[in-house]
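Student: have a look; sequence and predicted model below, questions after that.
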Amino acid sequence: MFKKINKTIEIEGMHCEGCVNRVTNVLSSIPGVKKCSVSLEDKKAYLVLSKEIPNSVFQEKIESIGFQIRKNVL
């Protein structure tokens, strides 16, 4: 059984379901991310992790597809 860590990330710049799909795909590709749910309405990604992942990893992935993470949330 894996360790379960919940993490919420606020994401700026999402405007449509296409944005949600891009964010979901990029976050789901990170090793250790077991579940990813992205809400356009809340502008948040809800993650379940199996291990600690540095915040810089999430920031790098999100920025690589043209979005921003609210700095006060990480």
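Tutor: Sure thing, it's come through.

Student: longest helix in this structure, by residue count?
Tutor: For the chain, the helix with the greatest residue count under DSSP state H is helix 17-28.

Student: can I get the helix or strand just after that helix in PDB, CA atoms only?
Tutor: Note on helix 17-28: by DSSP states H and E, the next helix or strand toward the C-terminus is strand 33-39. Backbone C-alpha positions of strand 33-39 (Å, rounded to 0.1, in the frame of the first residue of the first chain) are rendered in PDB as follows:
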ATOM      1  CA  VAL A  33       0.900  11.300  -8.800                       C
ATOM      2  CA  LYS A  34      -1.700   8.600  -8.300                       C
ATOM      3  CA  LYS A  35      -4.800  10.700  -8.900                       C
ATOM      4  CA  CYS A  36      -5.400  14.100 -10.400                       C
ATOM      5  CA  SER A  37      -8.700  16.000 -10.700                       C
ATOM      6  CA  VAL A  38      -8.700  19.500 -12.100                       C
ATOM      7  CA  SER A  39     -11.500  22.000 -11.700                       C
END
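
Student: coming back round to it: other SSEs contacting the longest helix of the chain?
Tutor: strand 33-39, strand 44-49, helix 55-64 (3 or more Cβ pairs under 8 Å, 6 or more residues apart in numbering; DSSP states H and E). Yep, even glycine has a C-beta here, placed from its N, CA and C like the rest.
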